[in-house]
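# coords please:
(2 chains)
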Amino acid sequence: MRIDKLLPIILALLLTFCMLSCDGGLAPKPEADKSYLSGTLKFVKGIADWPPEDSVFAVRVVAFKKYPDSTGIFADIINGNAYFTLASLPLFVDSSRFSFEINGTPTDLVYIAAIQQFDTSITSQRVIGLYNISDEKHKPSTIRIESGRHYDISIDIDFKDLPPMPF
Amino acid sequence: MKRNLYLFIILFICTVAYSNAEVISGSVSDAETGDILSGATIRVEGTAYGAIADRSGKFTINLSIPKSKITLIISMIGYETQKMQIEFVNEKIDVQIALKSQPLQTGEVVVSANKRVQAVQEVPISVSVIDKRQLDARGVSTLERALEYVPGLEINQDNVSIRGSSGFSFGIGSRAALLLDGYPLLAGDNGDMKFDALPMFNIDRIEIVKGAGSALYGSGALGGVVNLITEQPRDKADIRFRTYAGLYTQPRLKQWIFTDDLQHRSGLSGSFSQKVGKIGLLFSGGYYNDMGYRAYDDSYRSSLFGKINYDFTDRTNLSILLNGAFSDATDWVYWNSLDSATRPPTDTDRQVRIKSDKFSVFGNLNHIFNSNFFISARTGFYLTEYNNTLPINDFEYRQSKAMAVNSEIQANYSITARSALTFGLNSTNTTVNSRTYGDQRQDIYAAYIQNETKLTDDFLVTLGVRADYEDFKTNESNGDLSDGELVSSPKFGLAYNYSPILHFRASAGAGFRAPSVAERFSSVSFQGFEVLPNPQLKAEKSWSFEVGANYTLEFYDTPIYFDLAIFQNDMYDLIEPSFLSPTESTIKFQNVTRAKIQGLEFAAKSFIAGFLGLESSFTFMNPRNLANDEILNYRSEILWYNRFLIPYGDFELQADYRFKSKVKNIDPQLANLVKHADARVDMHVVDARLIYDMENLTGQQLKLTMNVSNVFDYYYTTMVGNLGITRMISLMLEAQF
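Numbering: from 1, shown residues only, chains lettered A, B, ... in the order given. This next block holds a predicted model:
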């Protein structure tokens, strides 16, 4: 068989391979399959209760899959044991909203906290509020995140009565 | 001052008188049609003698030949490279050369592997060549677009990875050396390649040497060498223009559409070239803008390039290159999330831009003493400066200015007809003034020697070694400094021509990369993380081993060219940014990784039945991090690149299909900071173009190209949180007068 007779077959095979391989590539997960944790931070004593401006660099919400230990909040974040709001939430406000996607569902979030970052160093932080639905004021509550569900929570923050650090 | 002494010595030496020249003249034509071939390159093997055929296809080479026999290598894009042995019976010889048409190059001539002109079959290491025809057809205006089709190469955002040598480090610390006409062009501070700083419109060809090349090129050639060779001024006045304009199509996914307007890119380049007597001139300039396929991803760029050649005598010539590039671009880092992959994170300050200037000047002086001995001396500087537009007192303000002065003297000496020696001295002196890295100075002094001996007509052995001494000084109080470091880089190579169609090669070579100033002295804050200096960083080192063969098979009157290489790269003390401890947000560049990359590369090309050109390369790699016995971060294991070419009359249809397997591992800590960092897939990208040569229609040298990048609008990531280029349709018009 002459090689030019083989050409259409070679081209057809290559094209078929290419078309079969190309499925369009990356695409976001369908909205129906996503899980979100949303909520409201309530600063119970209003704007006046906020600490001095030079001690508040950012406020974030962090949700831990396991109770944070002595290795620190930052270690859990960089080791993938926590979900968090990457950008700072609004500062010096009465309340603010947050929302982030939870991957790897179903999962339990055992410690959900609002965190104040003092300065440019991401490790200089303290807990300023906890998700809590129990009678004990500073006891963290657990929430189970199922696939495709949205959860809305509330965290109260009182700068005069901060929860203890988790370790 | 001392380092420029070489140049003055050479200038002095060049006044030495020389004996009567012998002359080879002749003409070059197409073997089938008899048409004259202007632009063909004729070189005398193993020497610096050469010429380019003029518009009449004629050439003349004046040379002094104490021996009676030389070999000419004649090459031209679109034709088989030919070797011709010449025996002198008179002082003047006239030769008629007929080249066979070959739309796909198989017999390239290279200079980068051993710093001298050689047929690629005589090189003991894998070398890929991108010729001007390919560069022009693709209309590439930046280096990364040119390199992404080269077998075994990956472009990881700002890093060039040769056979898995590099991962991803925002471009800092390139593990491949970048040269422009042999002159090093890695930035003095970041040690990175500035992809937009190169005169792509005037590049004649790009040679890529795969495997450690520090035995000749020193620091940076850990994974290989990328050498861009600029075109020569033409004998007669030559004016060339190229303009292009293109549109990015809207993404298929509605959530990725960030504007109702179509984003576009366009550019204009022009050049003038002429040789007047002893002076050859080439000047060009260009302006390019790109709105980008993502929000906050636009860039504006202008460039200037000049080349001045002056022939003092037939034996002595000077070449001066001037190159400048100026850019204004956004500071895009990664996406907001996969759901909004065409937008930066919501807290990004979109007013911030990066201004960057790159400027280089260098001169190269060649002198031929006789056919056995010639020298070249080179000196010049590469100045880079960038800053972002944040206020100077902002903690995320970044600025750096670096001046790298490089000087080299190289000699090539033929000890006997079968033995050639290449040796030289080289210095690189870098000064950095930076708010980001402080005020620093880095000096590298080197000496190298290499011998190539033909044990028989078909068996070539190469042995070489280079010693580099690196030292640095700092004005900062950054703790203890390490002592200067002496690194030796040996190499060994074998090339065996079993027959005219079967060639074997084997090589082993060492590579090293001195830490860049950025890696040693970075002191920046970025999104809550603090990067601290580490002055005690040591050089990265590597050993590359390769065996390979190439074979040309005749199958039903159709030659098919095959090349196979099996390689191993052992890499030591690789520098990576690492957290100091799990509880701290401080990062230092540290010598942490010991890696081994084993693999094979197979390439084939042919022109089938007179109408279909096919070129395919397949690279399989096993890149292991021996420190944790896992696959190295940011490496694909399979690269499969293909090229199709169908010429038909004045038209030519070309298509490229690139496959890269999914990157399995990335930095886990970075993965936690970038949303949907795990969104990675295999890459399948098809680029196509239709070229219409309008010379028969208009009587002018006009070429119109319709280019479609990413034809099927396939979505993939080039790096963590970075969507690859989406579909773009463009038109390009090129004219030559």
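# B:Asp650 contacts B:Leu702, correct?
No - between B:Asp650 and B:Leu702 there is no contact under C-beta atoms under 8 Å: 10.7 Å. Bear in mind the C-beta positions are built from the backbone N, C-alpha and C, glycine included.
# look at those two and report which has more neighbours.
More crowded of B:Asp650 and B:Leu702, by other C-beta atoms under 10 Å in any protein chain shown: B:Leu702, with 17 against 13.
# okay, and the more buried one sits in which element?
Take DSSP states H and E as the rule and B:Leu702 turns out to sit in strand B:701-709.
# pLDDT averaged over that strand, what's the number?
Mean pLDDT, computed over strand B:701-709, is 92.
# what is it packed up against?
If contacts are counted by 3 or more C-beta pairs under 8 Å, 6 or more residues apart in numbering or on different chains; DSSP states H and E, strand B:701-709 sits against helix B:132-138, strand B:683-693, strand B:728-736.
# how about 7 Å then?
Contact here means 3 or more C-beta pairs under 7 Å, 6 or more residues apart in numbering or on different chains; DSSP states H and E; on that basis strand B:701-709 packs against strand B:683-693, strand B:728-736.
# what's the closest of the ones you listed to B:Thr422?
Closest to B:Thr422 of these, according to C-beta to C-beta: strand B:728-736, at 36.6 Å.
# neighbouring strands - and their directions - for the closest one?
strand B:238-248 (antiparallel), strand B:701-709 (antiparallel) (DSSP bridges).
# so what's the residue lying closest to B:Val352 once chain neighbours are set aside up against?
The shortest distance from B:Val352 to any non-neighbouring residue, by C-beta to C-beta, 6 or more residues apart in numbering or on different chains, is to B:Asp331 (5.1 Å). By C-beta atoms under 7 Å, 6 or more residues apart in numbering or on different chains, B:Asp331 lies in contact with B:352-354, B:388.
# taking those residues one by one, which sit in strands?
If you go by DSSP state E, the contacts of B:Asp331 have B:353-354, B:388 in strands.
# hmm, which helix or strand of the chain has the shakiest average pLDDT?
All of this refers to chain A. The least trusted helix or strand in chain A, going by mean pLDDT, DSSP states H and E, turns out to be helix A:3-21, with a mean of 64.
# and what of chain B?
When each helix and strand of chain B is scored by mean pLDDT, DSSP H and E, helix B:5-13 comes last, with a mean of 40.
# what subset of the ones in strands among the contacts of B:Asp331 is buried?
B:353-354, B:388 (16 or more other C-beta atoms under 10 Å in any protein chain shown).
# in the stretch 101-250 of chain B, what residue lies closest to chain A?
Using C-beta to the nearest C-beta, B:Thr249 is the residue of the stretch 101-250 of chain B that sits closest to chain A, at 13.9 Å.
# ok, and the closest non-adjacent residue to that residue?
Leaving out its chain neighbours, the residue that sits closest to B:Thr249 by C-beta to C-beta, 6+ apart is B:Arg727, at 4.6 Å.
# the one you found and B:Tyr715 touch, don't they?
No - counting by C-beta atoms under 7 Å, B:Tyr715 is not a contact partner of B:Arg727; they are 10.0 Å apart.
# just the pLDDT for the residue of chain A found nearest chain B.
Nearest residue of chain A to chain B (C-beta to the nearest C-beta) works out as A:Ile122 at 3.2 Å. Note for A:Ile122: predicted pLDDT of 74.
# SS state for it?
Following DSSP: H, G, I helix; E, B strand; the rest coil, A:Ile122 is assigned to coil.
# what count of nearby residues applies to the closest residue in space to B:Lys660 that isn't next to it in sequence?
Spatially, and ignoring its direct neighbours in sequence, B:Lys660 is nearest to B:Met683 (4.1 Å; C-beta to C-beta, 6+ apart). Look at B:Met683: counted by other C-beta under 10 Å, it has 22 neighbours.
# touching, B:Met683 and B:Thr717? I think so.
No - contact criterion C-beta under 7 Å: B:Met683 and B:Thr717 do not qualify, at 8.5 Å.
# out of the strands paired with strand B:728-736, nearest to B:Ile155?
Using C-beta to C-beta as the measure, strand B:701-709 is the one of the strands paired with strand B:728-736 that comes nearest B:Ile155, at 14.0 Å.
# OK, contacts around A:Ile153?
By C-beta under 7 Å, 6+ apart, the contact set of A:Ile153 is A:37, A:39, A:112, A:131, A:143.
# now do the contacts for the residue most central in space within chain B.
Geometric centre of chain B, nearest residue: B:Val226, 2.9 Å, by C-alpha atoms, centre = their mean. Neighbour list for B:Val226: B:160, B:176, B:178-179, B:206, B:208 [criterion: C-beta under 7 Å, 6+ apart].
# adjacent strands (with direction) for the helix or strand hosting it?
Secondary structure assigned from DSSP H and E places B:Val226 in strand B:224-230. Partner strands and pairing direction for strand B:224-230 (DSSP bridges) are strand B:176-180 (parallel), strand B:203-210 (antiparallel).
# a markdown table please, covering those and showing mean neighbour count.
A markdown table is the format used below for these (neighbours: other C-beta atoms under 10 Å in any protein chain shown):
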| stretch | mean neighbour count |
| --- | --- |
| strand B:176-180 | 24 |
| strand B:203-210 | 24 |
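# can I get those strands in CSV including mean pLDDT?
What follows is those, written out as CSV (pLDDT from 0 to 100):
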stretch, mean pLDDT
strand B:176-180, 93
strand B:203-210, 91
